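Undergrad: My questions are about this predicted structure, shown below with the sequence.
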Amino acid sequence: MMAADGQSLTFVTVEVVDKQGTVVPEATIPCEATVKGAGKLLAFASADMKDTEPYTSPRVKTWKGRALLVVRSTQKKGSVSVTIKSALPAANLTLKSK
C-alpha cells in the first residue's frame, strides 16, 4: 500500500522464472512496463551497466533474469495497475494507494 501523497515509492522486482519458480540467471528478456491509475512509472531498469536505455523509459532488458520497477504515487487514492509485457506471458500487479 502506498500513501496518496505524490511522493511514496513502491519497488517492484521483475524476475524471469522457470516452471519451479527459480530465477533464470541467463535470461535477457526485453520488457515493457505500463502503469495506470493512481500511480506513475518513475523508473524501470536492470543492473546491466551496458544498457543505454534511460531509467525513466518504460522499456528494459532483464539482466541475470531480473529488473526493478519503481512506481510513484499520485495524490489520488485508488488502485494502481502495473503490467509487464514481453515475449513471455504478461505479468500483472495491482497496488493500492490510500
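TA: Arrived safely, thanks for sending.

Undergrad: only C-alpha atoms for contact and neighbour calcs from this point on.
TA: Fine.

Undergrad: Residue 20 versus the residue nearest the centre of the chain, what's the distance?
TA: Ranked by distance to the mean C-alpha position of the chain (C-alpha atoms, centre = their mean), the top residue is residue 69 at 3.1 Å. Distance of residue 69 to residue 20, given as C-alpha to C-alpha, to the nearest Å: 23 Å.

Undergrad: Then residue 41?
TA: Between residue 41 and residue 20 the computed distance is 30 Å (C-alpha to C-alpha).

Undergrad: Looking at the two, which is more packed in?
TA: Here residue 41 and residue 20 are compared on neighbour count by other C-alpha atoms under 10 Å; more neighbours surround residue 41, at 19 against 6.

Undergrad: any idea which helix or strand carries the more buried one?
TA: Following DSSP states H and E, the helix or strand that holds residue 41 is strand 39-45.

Undergrad: residue ranges of the strands in this structure, please?
TA: All strands of the chain, identified by DSSP state E, fall at 9-15, 30-37, 39-45, 59-61, 66-73, 78-85, 91-97.

Undergrad: Of all those, which one is nearest residue 3?
TA: If you check each of the strands of the chain against residue 3 by C-alpha to C-alpha, strand 91-97 wins as the nearest, at 5.5 Å.

Undergrad: buried residues in that closest one?
TA: In terms of neighbour count (16 or more other C-alpha atoms under 10 Å), strand 91-97 has its buried residues at 95-97.

Undergrad: So which other helices or strands are in contact with it?
TA: Contacts of strand 91-97 with other secondary structure elements, assessed using 3 or more C-alpha pairs under 8 Å, 6 or more residues apart in numbering; DSSP states H and E, are made with strand 78-85.

Undergrad: And the strand it packs on, how far out from the chain middle?
TA: 9 Å (C-alpha atoms, centre = their mean, to the nearest Å).

Undergrad: what angle do that strand and strand 9-15 make?
TA: Between the axes of strand 78-85 and strand 9-15, defined by axes from the mean of the first three to the mean of the last three C-alpha atoms, to 10 degrees, the angle is 30 degrees.

Undergrad: quick one: strands adjacent to strand 78-85?
TA: Strands flanking strand 78-85 in the sheet, each with its direction: strand 30-37 (antiparallel), strand 91-97 (antiparallel) (DSSP bridges).
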